[in-house]
Structure formats: C-alpha cells, structure tokens
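**Q** what would the 3D arrangement of this be:
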Amino acid sequence: MPRFAANLTMLWPDLEVYDRFRAAAEAGFRRVEILFVHALDAVRVEKALQDHELELVLFDPAPGDWARGERGLLSVPGREQEFVATVRDAVAAGRRFGTKLLNVLAGIPPAGVPRADAERTAVANLRAAVPLAEQAGVTLLVEAINSTDMPGYFADTVDRAAALVEGARSPSVRLQLDQYHVGMAGADARAALRRYAPLVAHVQIADVPGRNQPGTGTQPIGEFLRDLDESGYRGSVGLEYRPRGTMEDALAWLPRAERG
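**A** As a prediction, this is how the structure comes out:
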C-alpha cells in the first residue's frame, strides 16, 4: 500500500486545527497535509510537527483573497507578481517545515478573459516560479478541481491540469492527481493514472459523491490504490475527505498498521 497522509483541513473537524496534529499522530499517521499553512501560527505548526514527529508533506501557497472568491492566482492575468510572491513565501515556509510539495491553485480567471490568455498566463507563471522551486529543492504541483465544487476553476479536468504541467517544461512542476476531483468530473481516475503516471507527484482520495471516506460512494478506490503500487508510485496519498460518522468510522477502511 502507498504511504498515507492525513489531511488536517478536513479530518478531525471537531478539533482546533493545532490539535489535529496530535490526533493524526495518535491515529497512527506519520505524514500530514494541509491547505493553507500561511493562515496558521508558524511557531505552533513547527512545534506540533516536532512534538508529534510528523512530516508535513504538502500545503498550498496563498490563493489570493479567498473570502472574495479567489481560488488561486496561477491563471489570472495581471496578478503575476503577486503569484510569484505567494510561491516565494510558500518556499520559505516549506524550508521551515521541511515540506517539499507545494500545490499551486490554478484559480478562476475573471469574466471576459479568453481561455487561451489564461492558459498562457498560467504557463508563464509556472516557468517564472521554476527557479524558486529549483533553488529550494521543492516541487510545484498543479491539481484539477472539478467545476461542480468550484465553478469557473481553470484546471477543471485532469487533462487541463496536465497540459499546464507539460507546458512548464520542468521536472520541478508536476501533477497532483486527486481521484475525487477526477471522478466528480465524470472521468476515470484509474485511466488518468495510466496516462499521466510519469507526471504524478502527489495523490489524494475521497469517494464520489459526498467526498467522504472510501466505501461510502461509487469509486473503485481500492483498485486505484493497487494501480498506484503497480505504477511504481513512491509519493504519499492524502486522505482529503470529509468524515462520515465518527473519526473511527472515517478511518476504519484503513488498518492502523498501514497508516504510518
């Protein structure tokens, strides 16, 4: 089985975020991921990682003004300098926390921006950020997010996300394959893995519909995980799902011995 990472943005929702680090360790995890570490107290995050011997494998750079509907700056013309600044800040945080994967959100281009212009902006932004990633030894990820959960998102299919990765022309830019978003877009995550396996540097899972734990929906997640093994994937699999029932219920599908 792959290595698993507990997603601290979604799991243990009843706990304060800083207490979720402890909960993950007590549940048997050694790796965690989180969306926006920049919004947290860096000292407390660093202490929680050290105290509980956890590795923070992934977080997202700042996405712009989330409260106003921004969902990343990668594909937004006119925000190029701000985008690079978010990557620079994330690289610095990654150095502090030991994180090597940064998930760069593609964003929602403003109304009236042609798709071709947004794509050129996204590719140019990735290329501009590559030297920062190379110098720090980190990898920038591009993830598809389905248009039902996030209407207007630029990289709304895995094919579009992969095209941006390929356009960057750098091993420091890779694909984050979120099986849930692929399934929500009506595509086959197993087929996506077969097609894009050489580009994939991080994986996330959740069942469809509902975005709950494996076994609550229709996705062949067990087969998908076996495909990962057979592909030679050596990264982590983030458990980015909303618990249905108790946290014990939400983790029952994954034996404790396989979480670490």
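
**Q** ranges for the strands of the chain?
**A** For the chain, the strands defined by DSSP state E cover 3-7, 31-33, 55-59, 101-103, 139-143, 173-178, 200-205, 236-239.

**Q** nearest to residue 39, of the ones you listed?
**A** With Cβ to Cβ as the criterion, residue 39 lies closest to strand 55-59 of the strands of the chain, at 10.1 Å. All C-beta spots, glycine's among them, are computed from the backbone N, C-alpha and C.

**Q** now the angle between strand 139-143 and the closest one, please.
**A** Here the directions of strand 55-59 and strand 139-143 differ by 50 degrees (axes from the mean of the first three to the mean of the last three Cα atoms, to 10 degrees).

**Q** name the residues that touch strand 55-59?
**A** 5, 30-37, 45, 49, 90, 93-94, 97-103, 141, 202, 236, 238 (Cβ atoms under 8 Å, 6 or more residues apart in numbering).

**Q** which residue is nearest the middle of this structure?
**A** For the chain, the residue nearest the mean C-alpha position is residue 103 (5.2 Å; Cα atoms, centre = their mean).

**Q** list the contacts for that residue?
**A** 58, 59, 60, 61, 141, 142, 143, 176, 202.

**Q** separation between it and residue 126?
**A** 13 Å (Cβ to Cβ, to the nearest Å).

**Q** which residues are in contact with both of those two?
**A** In contact with both residue 103 and residue 126: residue 142, using Cβ under 8 Å, 6+ apart.

**Q** quick revisit: pLDDT and neighbour count added to the contacts of residue 103, as CSV?
**A** Converted to CSV, these look like this (pLDDT from 0 to 100; neighbours: other Cβ atoms under 10 Å):
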residue, pLDDT, neighbour count
58, 98, 29
59, 98, 24
60, 98, 23
61, 98, 27
141, 99, 23
142, 99, 29
143, 98, 21
176, 98, 29
202, 98, 24
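
**Q** of those, which is the nearest to residue 184?
**A** Nearest to residue 184, judged by Cβ to Cβ, of those is residue 143 at 12.7 Å.

**Q** so what's the closest one closest to, chain neighbours aside?
**A** Nearest non-adjacent residue to residue 143, counting by Cβ to Cβ, 6 or more residues apart in numbering: residue 176, 3.9 Å away.

**Q** shouldn't that neighbour be in contact with residue 205?
**A** No. With contact defined as Cβ atoms under 8 Å, residue 176 does not reach residue 205; the gap is 11.9 Å.

**Q** how about the helices in this protein?
**A** Ranges of helices in the chain, per DSSP state H, are 17-26, 42-51, 80-97, 115-136, 158-168, 179-184, 189-196, 221-231, 247-251.

**Q** please identify which of those helices is closest to residue 108.
**A** Here helix 115-136 is closest among those (Cβ to Cβ), at 9.4 Å.

**Q** which elements pack onto that closest one?
**A** helix 80-97, strand 139-143, helix 158-168, strand 173-178 (3 or more Cβ pairs under 8 Å, 6 or more residues apart in numbering; DSSP states H and E).

**Q** re earlier: any idea which of the helices of the chain is most buried?
**A** Greatest average neighbour count among the helices of the chain goes to helix 179-184 (a mean of 26), per mean count of other Cβ atoms under 10 Å.

**Q** name the helices or strands packed onto that one?
**A** The contact analysis (3+ Cβ pairs under 8 Å, 6+ apart) places helix 179-184 against helix 189-196, strand 200-205.

**Q** what does it rub up against?
**A** Applying Cβ under 8 Å, 6+ apart, the contact partners of helix 179-184 are 143-146, 148-149, 158, 188-189, 192, 203-209, 211, 218-219, 221, 224, 240-241.

**Q** quick one on the thing from earlier: of the strands of the chain, which is nearest residue 83?
**A** strand 139-143 (11.1 Å).

**Q** list the strands paired with that closest one, with their directions.
**A** Applying DSSP bridges, strand 139-143 is found paired with strand 101-103 (parallel), strand 173-178 (parallel).
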